[in-house]
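*Asks:* A predicted structure for the sequence below; I have some questions about it.
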Amino acid sequence: MLCWPTCRRRRNWPVPLDEPAWWYARAPHPLASLLSPIARLYGHVAVARLKRGRPFRCPIPVLCVGNFTAGGTGKTPLAIALCDQLAAAGESVVALTRGYGGTHKGPYWVDPANDRAREVGDEALLLAAHARTVVARDRQAGARAITEGPHAATVIVMDDGLQNPALEKDLTIAVVDGSRGFGNGAVIPAGPLRAPLAFQLELADLIVVNEPVGSDGAIAEGLRRSFTGPVLRASVVPRGDTEWLKGQPVIAWAGIGNPERFFRLLESLGADVRAQRVFKDHHPLGTAEAAELLALADTEKALLVTTEKDLVRLKGGRGDLLALAETSRALGIALQFLGTDGERLAELVGSALHGRRAAP
């Protein structure tokens, strides 16, 4: 659940994080009009919260990866790519994440060998496979914990936090879905935007449009007319060998922000997708759901295929959950930049680090 920015400990007005299909429908939906007064209030409070924030200036650079909308756009794959790129350049990187779906409020250093998604969240475990990772609901407290040790750090990569005013960022990257864009352009709950778009654009230093391979780049071109900073283009591509998918009967299942992108990728790689099963983003599967998937795969004589994010949530399961983990195969993905945009990103990151370190 995503709480209103005005919520307090004793007063919680939740907004469902699940994306209504009409947020991205071409035709206007009556509910959007009905909810527009609430959306205006939500947007007003979100903007006011960001404007009155007094961010903490961390002793080391902070690079933030976020998005303008609720739901999946590809933030975590970009954060992972940044961690890998920085580590290859000799930086001591620590990822900072809220740990959505986990019980740890933090600050807490993730132990990838022993922690479970129910404790630290699925995205934290994905990040921890590439860099030391700290989970903290309070990002300022998380940044302080990183700088205090026990592990040396020269740069923080914050996964999701564009609308979080607790930390001063040295570079803020917004990821945009290149297929769906901003939907109907309305603010939660009337649409997918976390705050009015014009205001959010001012929070970003650069934008990465995560678009399908072969896209005409229409959303990126549109953003270049309204955003003064760099707009880069990238696509999610499979990581590693994919020959095993060609002609393979598959039961595809996913509980991510945009499962259709995953299903389309499987089909493009030649998989014979017999059935698709969609769960809520970050959804911890129950025994009955696991048993259903196993039975369906057995009936169809098909291979169960899922995402790395979904598979990591099964870690530590028993019975049918363990069987599902052992029989499901994850399709690894990576973010591939178009043309020289990858080099451009590296230049921008390097410039941000140099500028911060050269400042008095």
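*Replies:* Structure received.
*Asks:* for residue 233, grab the count of nearby residues.
*Replies:* Neighbour count of residue 233, defined by other CB atoms under 10 Å: 20. Quick note: C-beta positions are derived from backbone N, CA and C, even for glycine.
*Asks:* which SS class is it?
*Replies:* The three-state assignment at residue 233 reads strand, by DSSP: H, G, I helix; E, B strand; the rest coil.
*Asks:* check what pLDDT residue 32 gets.
*Replies:* pLDDT recorded at residue 32 is 94.
*Asks:* what's the local residue count around it?
*Replies:* As a burial measure, residue 32 scores 20 neighbours (other CB under 10 Å).
*Asks:* repeat for residue 214
*Replies:* Look at residue 214: counted by other CB under 10 Å, it has 8 neighbours.
*Asks:* give the next helix or strand downstream of the helix or strand residue 304 falls within.
*Replies:* Residue 304 belongs to strand 303-307 when elements are defined using DSSP states H and E. Next helix or strand after strand 303-307 toward the C-terminus (DSSP H and E): helix 308-312.
*Asks:* what sits up against that next one?
*Replies:* Contacts with helix 308-312, where a contact means CB atoms under 8 Å, 6 or more residues apart in numbering, come from 76, 117, 122-123, 125-126, 253-256, 279, 325, 328, 330-333.
*Asks:* for stretch 219-226, same thing?
*Replies:* Taking CB under 8 Å, 6+ apart as the rule, stretch 219-226 contacts 176, 178, 181, 201, 207, 209, 211, 231, 233.
*Asks:* which of these are buried?
*Replies:* 176, 178, 181, 201, 207, 209, 211, 231, 233 (16 or more other CB atoms under 10 Å).
*Asks:* ok, now which ones touch the second one?
*Replies:* The reference is to residue 178. Counting by CB under 8 Å, 6+ apart, residue 178 touches 209-212, 215, 217, 219-220, 233, 235.
*Asks:* circling back to that earlier point, closest one to residue 247 out of the contacts of stretch 219-226, please.
*Replies:* Closest approach between the contacts of stretch 219-226 and residue 247, by CB to CB: residue 211, at 27.4 Å.
*Asks:* just the CA coordinates of the strand holding residue 304, formatted as CSV?
*Replies:* Backbone C-alpha positions of strand 303-307 (Å, rounded to 0.1, in the frame of the first residue of the first chain) are rendered in CSV as follows:
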residue,chain,number,x,y,z
LEU,A,303,8.7,-25.1,-18.1
LEU,A,304,8.0,-22.6,-15.4
VAL,A,305,9.7,-19.3,-16.2
THR,A,306,9.7,-16.2,-14.1
THR,A,307,11.8,-13.1,-13.3
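*Asks:* which strands border it, and is each parallel or antiparallel?
*Replies:* Applying DSSP bridges to the sheet, strand 303-307 is found paired with strand 249-254 (parallel), strand 328-331 (parallel).
*Asks:* which one of these lies closest to residue 269?
*Replies:* strand 328-331 (8.0 Å).
*Asks:* what's the helix or strand following the closest one in contact with?
*Replies:* Next in sequence after strand 328-331, counting helices and strands by DSSP H and E, comes strand 333-337. By CB under 8 Å, 6+ apart, the list of residues contacting strand 333-337 from outside reads 74, 77-78, 81, 210, 232-239, 265, 307-308, 342, 345.
*Asks:* now the buried members of those.
*Replies:* Buried members of the contacts of strand 333-337, counted by 16+ other CB under 10 Å: 74, 77-78, 81, 210, 232-236, 238, 265, 307-308, 342, 345.
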